[in-house]
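Asker: just coords:
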């Protein structure tokens, strides 16, 4: 009978379906049964990744460091140097001759009065001093440092956004990898059912003594069954790997398993903007953090050029200091403008100071270095713009290709399904050919597997386009990721 030839080509059918999964997966030990299961949608997966990612947190810490550095630079505008010195020791007493007739405030006039450093004459001594400096004009050094630090914060903030783009795109692809393995797992179960039916049919016909059946058909079906079992193990392990990858991407506690909220792998609802490529390029130039980072880097380097040039000009500032020396019990302190005691008294100094760096050759070299670094950053900005344009165009054209692919694969599944149903009806009515039915079964299984892979590629292509335009994290946070209008 013709219908018995169904078992022969099944191995090719299953190999074609399983090839979508890629190469073999290394066997893993059975996973510990999860203690809890968390269902997440695509949007929830992206948002949770942004909140939990240590890579984003690292960039956040670097931005906080840059912010603190900027605040330090701004604080230098007022009282750039304020210092307090406190010292304590012992001061000598006074060895006053017995024949001294001068009062205490004139002891300095008696040449026989000396310091007494004997142990019994020593007394506690303390000195306090405070000094402040206030710049008046720095030739652009202070203002340039403040601008450079402020733009440094912008550079780090853009780096945070850049890393957020990267981790959300990676989380989205991981999410769809898991959905794909689950869909292929269901397809593998259907394939197993086909093999089981074929094996039962062959055994029945062998028992009936049908001459159109041989032991070779049974052995071929059994070999096909083993191939199916091997492929199912691969699918199971890939599914476990994809689930573990998503669980770690979301930084869930150990013992918690993650499951997609979506029951099936479906194409993302997304409409390409009517202005097509130009629209997405404009969006990218407005939103990509690499562009903002390059712009901030240019401004920071321009400010550092001004800082280097400031050494050509004098620095003008005000400095004031106040000191107080105390010895207990008090030593006699002469009230004289020309004579003072270092162990007693108050001193103060106030004035305007001017500082000029006369190493103009070194200053010129530093200015040249700063200008060279500025030129390099400007070139980086130009390169960043071109790279963004290329990445957007690449993502856009990949999406067009993926769109055409998923549409074609969808039509293919419709055609293969109609073909299979037609062959099944003809076969049941004894009007069809067994080889045609086998071909229809193989085409239907392969079409469904290829369609699932095409849907996964399409969804990832949508996420890649949103990543290329710099809008993926914001759309995830705002809950507008799956809106039809981009």
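Answerer: Here it is on my side, so go on. In this text, all values refer to a predicted model and were calculated from it rather than measured experimentally.

Asker: Might you report the residue contacts of the residue of the chain most remote from its centre?
Answerer: Within the chain, the residue lying farthest from the chain centre (C-alpha atoms, centre = their mean) is residue 99, at 85.7 Å. By C-beta atoms under 8 Å, 6 or more residues apart in numbering, residue 99 lies in contact with nothing. All C-beta atoms are positioned from the backbone trio N, CA, C, and that covers glycine.

Asker: who's in contact with residue 113?
Answerer: Residues near residue 113 by C-beta under 8 Å, 6+ apart: 94, 95, 96, 97, 100, 107.

Asker: and the first one, that one's in a helix?
Answerer: Meaning residue 94. No: under DSSP: H, G, I helix; E, B strand; the rest coil, residue 94 sits outside any helix and is assigned strand.

Asker: Around it, how many other residues sit close by?
Answerer: For residue 94, the neighbour count with other C-beta atoms under 10 Å is 14.

Asker: The fifth one now?
Answerer: A total of 13 residues lie near residue 100 under the criterion other C-beta under 10 Å.

Asker: Now do it, the pLDDT please.
Answerer: Predicted confidence (pLDDT) for residue 100: 84.

Asker: For the most centrally placed residue in the chain, which residues are in contact?
Answerer: Nearest residue to the geometric centre of the chain (C-alpha atoms, centre = their mean): residue 163, 2.6 Å. Listed by C-beta under 8 Å, 6+ apart, the contact partners of residue 163 are 53, 55, 56, 58, 59.

Asker: Pull out the buried residues from stretch 405-413.
Answerer: 405, 406, 409, 412, 413 (16 or more other C-beta atoms under 10 Å).

Asker: wait, I meant stretch 359-379
Answerer: Going by 16+ other C-beta under 10 Å, stretch 359-379 has these buried residues: 363, 366, 367, 370, 371, 373, 374, 377.

Asker: Repeat that for stretch 238-250.
Answerer: Going by neighbour count (16+ other C-beta under 10 Å), the buried part of stretch 238-250 is 238, 239, 240, 241, 242, 243, 244, 245, 246, 247, 249, 250.

Asker: Verify the stated contact: residue 203 with residue 218.
Answerer: Yes: here residue 203 reaches residue 218: they are 7.1 Å apart, a contact under C-beta atoms under 8 Å.

Asker: more crowded one of these two?
Answerer: Ranked by neighbour count (other C-beta under 10 Å), residue 203 and residue 218 place residue 218 first, with 17 against 13.

Asker: what about residue 258, which helix or strand?
Answerer: strand 256-260 (DSSP states H and E).

Asker: Check which helices and strands the following helix or strand past that strand sits against.
Answerer: As assigned by DSSP H and E, the chain's next helix or strand after strand 256-260 is helix 276-287. Contact here means 3 or more C-beta pairs under 8 Å, 6 or more residues apart in numbering; DSSP states H and E; on that basis helix 276-287 packs against helix 360-428, helix 434-468.

Asker: my guess is residue 469 meets residue 280, correct?
Answerer: Yes: using C-beta under 8 Å, residue 469 is in contact with residue 280, at 5.3 Å.

Asker: Give me the common contacts of these two.
Answerer: With C-beta under 8 Å, 6+ apart, residue 469 and residue 280 have common neighbours residue 392.

Asker: hang on, the earlier thing: buried only: go through the contacts of residue 163 for me.
Answerer: Neighbour-count burial (16+ other C-beta under 10 Å) applied to those gives 53, 56, 59.

Asker: need those residues in JSON lines with secondary structure, pLDDT and distance to residue 477, can you?
Answerer: Formatted as JSON lines, these follow (DSSP: H, G, I helix; E, B strand; the rest coil; pLDDT from 0 to 100; distance: C-beta to C-beta, whole Å):
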{"residue": "53", "secondary structure": "coil", "pLDDT": "91", "distance to residue 477": "14"}
{"residue": "56", "secondary structure": "helix", "pLDDT": "93", "distance to residue 477": "13"}
{"residue": "59", "secondary structure": "helix", "pLDDT": "93", "distance to residue 477": "17"}
